[in-house]
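>>> dropping a prediction and its sequence here:
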Amino acid sequence: MTKKKYKILIVSLYIDDLIYIKNDRNTCDDCKNSMMLEFNMSDLGRIRYFLGVEVIQNLDGIFVLRKYAHEILARSKMDKSSLVQNPIV
């Protein structure tokens, strides 16, 4: 029995900002090209900030709210605290 691989493209639109996440490069390129034909838009590359929220992408995954979390920790003077894997520790 062979496993069927599904192509996923999730698009999020907020006023004039558009972000997407995908698991297939061709599907993404097809969607982006058809959108560019219909609308006046440009590709700004990988996302770094969206709605004031920092986004980090690397091989470990996609991380959001990093900057916001650091600001909250700094405001509460907890930015120098020790890290733990489990909050019960």
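Ah, there it is.

>>> and stretch 46-56, which residues are buried?
47, 54, 55 (16 or more other CB atoms under 10 Å). For glycine as for every other residue, the C-beta is placed from the backbone atoms N, C-alpha and C.

>>> can you list the domains in the protein?
1-45, 46-89 (automatic domain parsing).

>>> lowest-pLDDT helix or strand in the chain?
strand 61-64 (a mean of 76; mean pLDDT, DSSP states H and E).

>>> which helix in this structure runs the most residues?
Longest helix in the chain by number of residues, with DSSP state H as the criterion: helix 25-38.

>>> check which helix or strand covers residue 71.
Counting by DSSP states H and E, the element that carries residue 71 is helix 66-75.

>>> just checking, what packs against that helix?
strand 53-58 (3 or more CB pairs under 8 Å, 6 or more residues apart in numbering; DSSP states H and E).

>>> parallel or antiparallel, list what pairs with the strand it packs on.
strand 49-50 (antiparallel), strand 61-64 (antiparallel) (DSSP bridges).

>>> for it, what does the pLDDT average out to?
For strand 53-58, mean pLDDT rounds to 80.

>>> now tell me what touches that strand from outside.
Outside strand 53-58, the residues that touch it by CB atoms under 8 Å, 6 or more residues apart in numbering are 46, 47, 48, 49, 62, 63, 64, 65, 66, 67, 68.

>>> setting the sequence-adjacent residues aside, check what's closest to the last one.
Of all residues not flanking residue 68 in the chain, residue 53 sits nearest, at 6.2 Å (CB to CB, 6 or more residues apart in numbering).

>>> re earlier: which of the domains of the chain comes out lowest on mean pLDDT?
For these, mean pLDDT drops lowest on domain 46-89, to a mean of 78.

>>> what separates that domain from the chain centre, distance-wise?
Using CA atoms, centre = their mean, to the nearest Å, the mean C-alpha position of domain 46-89 is found 13 Å from that of the whole chain.

>>> same check on stretch 35-51?
13 Å.

>>> and that stretch, C-alpha only, in PDB?
The C-alpha trace of stretch 35-51 is given here as PDB (Å, rounded to 0.1, in the frame of the first residue of the first chain):
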ATOM      1  CA  MET A  35      -2.000  36.000  -8.000                       C
ATOM      2  CA  MET A  36       0.600  38.300  -9.500                       C
ATOM      3  CA  LEU A  37      -1.200  38.200 -12.800                       C
ATOM      4  CA  GLU A  38      -4.400  39.200 -11.200                       C
ATOM      5  CA  PHE A  39      -3.200  41.700  -8.600                       C
ATOM      6  CA  ASN A  40      -0.400  44.300  -8.300                       C
ATOM      7  CA  MET A  41       1.800  42.500  -5.800                       C
ATOM      8  CA  SER A  42       5.400  41.700  -5.200                       C
ATOM      9  CA  ASP A  43       7.200  38.800  -3.500                       C
ATOM     10  CA  LEU A  44       9.200  40.100  -0.500                       C
ATOM     11  CA  GLY A  45      10.800  36.700   0.200                       C
ATOM     12  CA  ARG A  46      10.800  34.800   3.500                       C
ATOM     13  CA  ILE A  47       8.700  36.400   6.200                       C
ATOM     14  CA  ARG A  48      10.500  38.200   9.100                       C
ATOM     15  CA  TYR A  49       7.800  40.300  10.600                       C
ATOM     16  CA  PHE A  50       4.000  40.100  10.300                       C
ATOM     17  CA  LEU A  51       1.700  42.600  12.100                       C
END
